[in-house]
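# The sequence and its predicted three-dimensional model are supplied below.
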Amino acid sequence: MLHKARKNKNGGNDDDDDKKKKLSNKKSIDLNTLTSQQLDELSYYDVLGGIPMHSTPDQIRKAFHRACLKYHPDKEDNSNNSSGNNNSDSNTSDANKDDKNNSSNNSNNTGEDPVFLKVKEAFETLSNAPKRKTYDSTVDFDDSVPSLADIASDRDFYTIFGSCFDRNLRFASEYDPDHLSSSNHSHGNNNNHNSTPNTKRKKKKNSKNQNNNNTQPTRPNLGNDDTPLQQVHQFYDYWTNFESWRDFTLPATKLTEHDTDMAECRYEKRWMEKEIARKAKAMKREEMARISKLVERAMNCDPRLKREKERLERDKIEKERLKQEEMERIEKEEREGREREERERVERERREKEERANSKLKRDREKKMLRKARQSLRKAVFAEVEKGDNRTWNNTEEMNDDIELLCEKLNTAQLEDILQPSQTSLSSSSSSSPSSSLLLATVKEQALNLQSENEREKREELRKKKELRAEAEKKEAEAKAKRASKPFSKEEVAALVKAVKKYPAGGANRWEAIALFINNMIRAEEPRSKEEFIEKYNSLSSARVSAVAASAPKPASTSTATAASPSASSISTSQTNLTSTANAKNPPSNNGANGTRTLATGTTANGSSTAKTKATPATTVTEKENNNNSKVTTNEWTEEQDLQLQKALKQFPSTMDKNERWSNIAKSVTGKNKKECVQRFKIIREALKKK
């Protein structure tokens, strides 16, 4: 078995060399022994000595040279003359043969030798790539595709389909005559450039090796039952993308029965060529459909792909099974988790319910004990008071107030501590027992302590309020000083006049829109707030009103509004525009949503007015617009009034009827009516919300 591993000098195996020798040693046919009919039945490759169909142009040229040496008329004349001189005493058959040869020689001399003409025709056809392509396409070829009935076993599959694929490799792109001729020309050009004597022999050997490699291109093989699956997929990928070079021009010409050489004009010739091309294209589509059918049928019958498909199906089923088991496991865990959570929830709710019930019982018990302790305290104090003289309190109301204060502020334990001395002395029946005076003194002392503690809390609360009020006033003063440090420029005043015209009184968020408009127009480094614009607007309006009042000859104190006097023309342009705009958009009124009461002849631009009387200073009511809500500030509240209001709010809860509640609260606050109390309550509530 050593000859199997042995390699030749060119690097190939001996088995490949044996195959090449078998092809090269194919029995050649002597064309001189054939009749004209037999000669016509031979292919051009057999005429040139039986060369393979996929031979290179160099191999075809060499075969033609060998045929010329054998079948050329001049060569045949020389061979016949030499044979005639040496065999003068031949038999009758030899004489007949010589006569035949002489007749053939005579025909060859005239240029009508059919054998040599056949050789020449074969060479001219095979040496021309387009002609060779057309000829190779017309050579007899088996187009049949094996059927499923032909496959009885796996061995039959490899044998039948393997031979069928090898047969169809004839039209592979590697064997395209155009490709073979182009590769041969490239090698020929490379050899022509190598003219040095030292490298000529090496280049000649290399060209021979390249030609041998071109004659045997790499071809896919169907393989056998042990072929790796990767090679099997590569084989079918090759045939799936297979491109056939088979030319159907000549069969299409025969089917259409069009002869372009017999066309009467060029237009008819073009039409014939289009018809032939259309038919050839249809036949090419049928050819590719046949190849696709062959590949599809082979893939369906291939036992290797069947086993792979079964394996993939088993893997898929196994994956689905594992996935189903995983889903069932997850679902089971989720179900158990939900059941566990449900049990925990039920248990938690049960415990919470028990705890609520226990806490309720405890609270009820504590309330009952507290109520009992309060009743005991009242009974004990009343009993002690009835026994002797009531010297601890001046009257019964004070006593009741102290008792109720203790019952409200003290808990059960504290009340029991107060009652403990009296309970220890129940056995003594004397009215002048020291325990009775001790109980009353203790009640009085505890009441005084609670009152003093309440007063301290109130004072502390008032002190904190004062501090907060002082801090707010300080911040407001700082903000006002900061605003005052930045005087308004002429551009800002003009922009304010324009903004007041653009946004009249009564609109939503008027001053926010005015501030945004002016800041966008001026584009200052530090934008101003709406409070600054409101203050500037009021100052300009007040200045104009003062000027008008001073210039009037006889001010009318009882009128609600006056017209501007002619002397007001001396006022600045900005103040005049501002006032005229306010009077046009918001005329003065006695009482309205956008105005305030007029107390003097002068009316401010935002609806407020100032009044000057002989006895009292001017009273000013200002309007501050924010979201169309007017807040009117009236007389200030004293600390005592605030305390009375707070106490009344506690005494009369919100569960009461609204009108009845605020009527009672107003009665508890001295000097204030129900409406003022409601307004004060709203102010305090807004302040607490802002905090």
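Yep, it's here.

# And stretch 122-133, end to end?
Length of stretch 122-133, first residue to last, C-alpha to C-alpha, to the nearest Å: 13 Å.

# Please read the previous query as pertaining to stretch 221-239.
One end of stretch 221-239 to the other measures 11 Å (C-alpha to C-alpha).

# Flag every buried residue along it.
Buried residues in stretch 221-239, counting neighbours by 16 or more other C-beta atoms under 10 Å, are found at 222, 232, 235-236, 239. Where you see a C-beta, it was placed from the backbone N, CA and C, and this is true even at glycine.

# Next, format these as a markdown table and append secondary structure and pLDDT.
Converted to a markdown table, the buried residues of stretch 221-239 look like this (DSSP: H, G, I helix; E, B strand; the rest coil; pLDDT from 0 to 100):
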| residue | secondary structure | pLDDT |
| --- | --- | --- |
| 222 | coil | 85 |
| 232 | helix | 91 |
| 235 | helix | 91 |
| 236 | helix | 91 |
| 239 | helix | 91 |
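
# C-alpha coordinates for the helix or strand in which residue 402 is found, PDB please?
Here residue 402, judged by DSSP states H and E, is contained in helix 396-409. The C-alpha trace of helix 396-409 is given here as PDB (Å, rounded to 0.1, in the frame of the first residue of the first chain):
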ATOM      1  CA  THR A 396     -69.000  78.400  91.600                       C
ATOM      2  CA  GLU A 397     -68.100  79.500  88.000                       C
ATOM      3  CA  GLU A 398     -64.400  79.700  88.800                       C
ATOM      4  CA  MET A 399     -64.600  76.300  90.400                       C
ATOM      5  CA  ASN A 400     -66.300  74.800  87.500                       C
ATOM      6  CA  ASP A 401     -63.800  76.400  85.100                       C
ATOM      7  CA  ASP A 402     -60.900  75.000  87.100                       C
ATOM      8  CA  ILE A 403     -62.400  71.500  87.300                       C
ATOM      9  CA  GLU A 404     -63.200  71.400  83.500                       C
ATOM     10  CA  LEU A 405     -59.700  72.700  82.800                       C
ATOM     11  CA  LEU A 406     -58.200  69.800  84.800                       C
ATOM     12  CA  CYS A 407     -60.600  67.300  83.100                       C
ATOM     13  CA  GLU A 408     -59.600  68.600  79.700                       C
ATOM     14  CA  LYS A 409     -55.800  68.800  80.200                       C
END
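
# So which residues make contact with it?
374, 377-378, 381, 385, 390, 392-393, 415, 418, 443-444, 446-447, 450-451 (C-beta atoms under 8 Å, 6 or more residues apart in numbering).

# Would you check which pair of the buried residues of stretch 221-239 lies furthest apart?
For the buried residues of stretch 221-239, the farthest-apart pair by C-beta to C-beta is 232 and 239; their separation is 11.3 Å.

# could you measure residue 242 against residue 511, distance?
Distance, residue 242 to residue 511, using C-beta to C-beta, to the nearest Å: 86 Å.

# Of those two, which one has the most company?
A count of neighbours by other C-beta atoms under 10 Å puts residue 511 above the other of residue 242 and residue 511, at 22 against 19.

# so which strand or helix has residue 670?
Judged by DSSP H and E, residue 670 forms part of no helix or strand.

# give me every residue that touches it.
Going by C-beta under 8 Å, 6+ apart, residue 670 touches 640-641, 644.

# rerun at 10 Å
When contacts are counted by C-beta atoms under 10 Å, 6 or more residues apart in numbering, residue 670 touches 638, 640-641, 644.

# can you check residue 276 too?
By C-beta under 10 Å, 6+ apart, residue 276 lies in contact with 248-256, 258, 260.

# Quickly name whichever of those is closest to residue 466.
residue 248 (113.2 Å).

# With distance to residue 64, neighbour count and secondary structure as new columns, can the contacts of residue 276 be given to me in TSV?
Output for those, formatted as TSV (distance: C-beta to C-beta, whole Å; neighbours: other C-beta atoms under 10 Å; DSSP: H, G, I helix; E, B strand; the rest coil):
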residue	distance to residue 64	neighbour count	secondary structure
248	28	22	coil
249	25	18	helix
250	23	14	helix
251	27	17	helix
252	30	20	helix
253	28	19	helix
254	28	12	helix
255	33	15	helix
256	34	14	helix
258	33	19	coil
260	29	13	helix
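
# Could you point out which residue ranges in the stretch 1-150 of the chain have low pLDDT?
1-28, 76-112 (pLDDT under 70).

# Do a quick rundown of the helices in it.
Per DSSP state H, counting those that start in this stretch, the stretch 1-150 of the chain carries helices over the ranges 2-5, 14-24, 36-41, 44-47, 57-71, 73-86, 92-109, 114-127, 129-138.

# Alright, that wraps it up for me.
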